[in-house]
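> Fold the following for me, if possible:
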Amino acid sequence: MPTQASSGIWVIALVTAGSARAVMPEPGPTGARGSDVVVVVVRTIGTHGNQARGALGGVRRSPPGRSRSSTSTLAIKATYGYQKEGAGYGYSEVKGLNALFAIISTPLSAPLIVATRLRKGSTYSPRGASQLVADALATAGRAGASGLITMRADSTYYVHDVIAAARRSGARFSVTARMDKAVSRTITQIPEDGWVPIKYARAIYDEDEQRWVSDAQVAEITFTAFTSRRTSEHITARLIVRRVKRLNPKSAPTGQGELFSIWRHHAVFTDSREQMLDAEATHRDHAIVEQTFSDLKAGALAHMPSSSFAANSAWTVVAAIAFNLTRATGTLTSKFHAKATTATIRAQLITVPGRIARSARKLRLHLPQRWPWEHHWNAMFTAAYGPARPAT
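Sure, this is the predicted structure:
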């Protein structure tokens with residue numbers, strides 16, 4: 001698998017740049033266990049991986065005035081058998097490991113992974129998320145993201161520590177609010193004439209209703225969250241609410257009209273300065289992470305290769321680095337490949353048939369003459385290394 005091959009190359013390069021002695025200790029009674037050695041590898045890869053991701057972030061920056069978005073989310077990687085360390089059942093009731101990712105993107109470019117954490121399957125979902133957000137925003141800054149940065153997350157991260165971490169780092173936040181009593185009570189205070197009807201250019205699929213939604217109503221109200229904490233930790237911002245009619249044809253005969261409308265609400269807690277409809281649309285765009293998960297699971301994260309939790313942690317970090325390198329390859333190639341899936345990039349630009357020949361103390365790479373993506377590959381090579389020298 002090309003992604004795994006790329007991952008292997010970068011494990012060697014990054015480990016060598018860090019502490020080779022820690023990775024491969026000299027023979028003798030060192031007193032270190034194998035798991036201790038792997039933990040050192042994870043820390044070394046993580047440190048230099050941030051530097052590599054920071055360099056890649058500048059490959060495709062958005063123009064002045066455009067916002068950058070950092071999205072925090074998690075994925076459950078199903079595992080099988082009884083020998084996988086850390087595997088357990090979490091909120092999804094799927095046995096596996098819990099991977100936490102922070103992804104940065106702009107309106108003009110595909111996403112990059114800027115931080116990763118692999119956790120036990122039974123872990124509390126927001127655990128460690130505040131530190132991950134801080135690390136991700138710091139990496140985004142080193143990558144040259146100097147414009148407006150918004151941290152987006154789903155309701156799993158509707159907790160004080162995560163939002164406070166974003167604010168301390170100078171970013172704005174946009175987090176799906178859980179429908180607790182305080183949020184529900186605030187929604188009832190929105191006047192009926194405060195709702196603005198909207199119609200989506202592209203319908204949105206509603207998982208709960210199992211149908212496509214093309215129209216809705218949006219309103220906003222000021223809301224203070226986390227009032228159970230001390231006063232200095234209260235956060236006051238905007239509560240933007242989208243409501244759609246709840247349809248339940250099973251409970252009403254065909255043709256019978258409704259006595260009154262029943263609505264289902266989706267609330268977003270944000271301090272964005274955008275207009276209400278723009279802020280609501282920006283938050284919905286955090287679904288871009290699903291494509292990132294799809295790419296990862298089609299590549300290095302198709303499985304967790306080891307029974308050791310520390311080794312799988314290193315594998316997750318290296319998978320993120322390989323994903324970013326593949327993304328950088330596509331960005332250097334063409335506009336099409338800049339947003340193509342990593343599987344497409346691997347098939348068209350990485351798994352190229354070729355033959356290496358040695359002549360006159362020189363190595364020559366012979367590539368196919370009628371390769372369909374010859375010009376794209378040449379554009380990538382030229383961008384990375386400069387124009388190729390003609391064969392003599």
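
> start to end distance for stretch 86-104?
28 Å (Cα to Cα, to the nearest Å).

> average pLDDT for that stretch?
The predicted model assigns stretch 86-104 a mean pLDDT of 82.

> What of stretch 146-156?
85.

> ditto for stretch 375-383
So the average pLDDT for stretch 375-383 ends up being 87.

> Give me the buried positions along that stretch.
Across stretch 375-383, burial judged by 16 or more other Cβ atoms under 10 Å covers 376, 377, 379, 380, 381. For every residue, glycine as well, the C-beta is placed using N, CA and C.

> can you tell me the helix or strand for the last one?
Using DSSP states H and E, the element containing residue 381 is helix 374-385.

> Please save the CA atoms from that helix in CSV.
C-alpha atoms of helix 374-385 as CSV (Å, rounded to 0.1, in the frame of the first residue of the first chain):
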residue,chain,number,x,y,z
GLU,A,374,2.4,12.4,-17.4
HIS,A,375,2.0,16.2,-17.5
HIS,A,376,0.6,16.3,-13.9
TRP,A,377,3.5,14.2,-12.6
ASN,A,378,6.0,16.4,-14.4
ALA,A,379,4.4,19.5,-12.9
MET,A,380,4.7,18.0,-9.4
PHE,A,381,8.3,17.0,-10.0
THR,A,382,9.2,20.5,-11.4
ALA,A,383,7.5,22.2,-8.4
ALA,A,384,9.4,20.0,-5.9
TYR,A,385,12.9,19.8,-7.6
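
> who does that helix touch, helix- and strand-wise?
Judged by 3 or more Cβ pairs under 8 Å, 6 or more residues apart in numbering; DSSP states H and E, the packing partners of helix 374-385 are helix 309-333.

> Check which element follows the helix it packs on along the chain.
Downstream of helix 309-333 (by DSSP H and E), the next one is helix 335-338.

> Show me what that next one is in contact with.
Contact with helix 335-338 is made by 60, 109, 110, 329, 330, 331, 344, 345, 348, 349, 376, as judged by Cβ atoms under 8 Å, 6 or more residues apart in numbering.

> if I look at the spatially closest residue to residue 319 that is not a sequence neighbour, how far off is residue 92?
In space, and not counting its chain neighbours, residue 319 is closest to residue 300: 3.6 Å by Cβ to Cβ, 6 or more residues apart in numbering. The gap separating residue 300 from residue 92 is 21 Å, by Cβ to Cβ, to the nearest Å.

> So for those two, which residue has more residues nearby?
residue 300 (26 against 14; other Cβ atoms under 10 Å).

> Please tell me how far the more buried one sits from residue 346.
Following Cβ to Cβ, the distance that separates residue 300 from residue 346 is 11 Å.
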